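[1] the sequence isn't on hand, but the structure is:
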């Protein structure tokens with residue numbers, strides 16, 4: 001999710017998630033449910049949600065694993081509150 005979020009960022013999330021196009025969510029990969037992904041909701045489709053990463057060139061997202069069923073979307077991201085070197089910021093859509 002670079003540049004929006006980076007490895008090591010601390011996030012405040014909301015569960016159940018708010019599902020609106022443009023929101024950043026925490027979800028399980030449908031092809032490997034043990035893995036969690038942080039992606040942006042692109043659009044709702046018949047099989048769930050199409051999720052995209054903010055870095056198109058280096059992102060495993062729905063272009064790789066297809067739509068994500070709604071029940072695999074765990075939480076929506078509200079706020080980044082650290083680490084101190086990155087500061088704080090609201091996560092917007």
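    Alright, I've got the coordinates. Source: prediction; values computed, not measured.

[2] what bridges to residue 77?
    For residue 77, the beta-bridge partners are residue 13 (DSSP bridges).

[3] what about it, neighbour count?
    24 (other C-beta atoms under 10 Å). Where you see a C-beta, it was placed from the backbone N, CA and C, and this is true even at glycine.

[4] that one and residue 38 touch, don't they?
    Yes - Residue 77 lies in contact with residue 38 (C-beta atoms under 8 Å); the separation is 7.1 Å.

[5] contacts for stretch 31-47, please.
    By C-beta atoms under 8 Å, 6 or more residues apart in numbering, the list of residues contacting stretch 31-47 from outside reads 1, 5, 11, 19-29, 49-54, 59-62, 65-67, 69, 72, 74, 77, 93.

[6] quick check: mean pLDDT of that stretch?
    The average pLDDT within stretch 31-47 is 96.

[7] now do stretch 69-77
    The average pLDDT within stretch 69-77 is 97.
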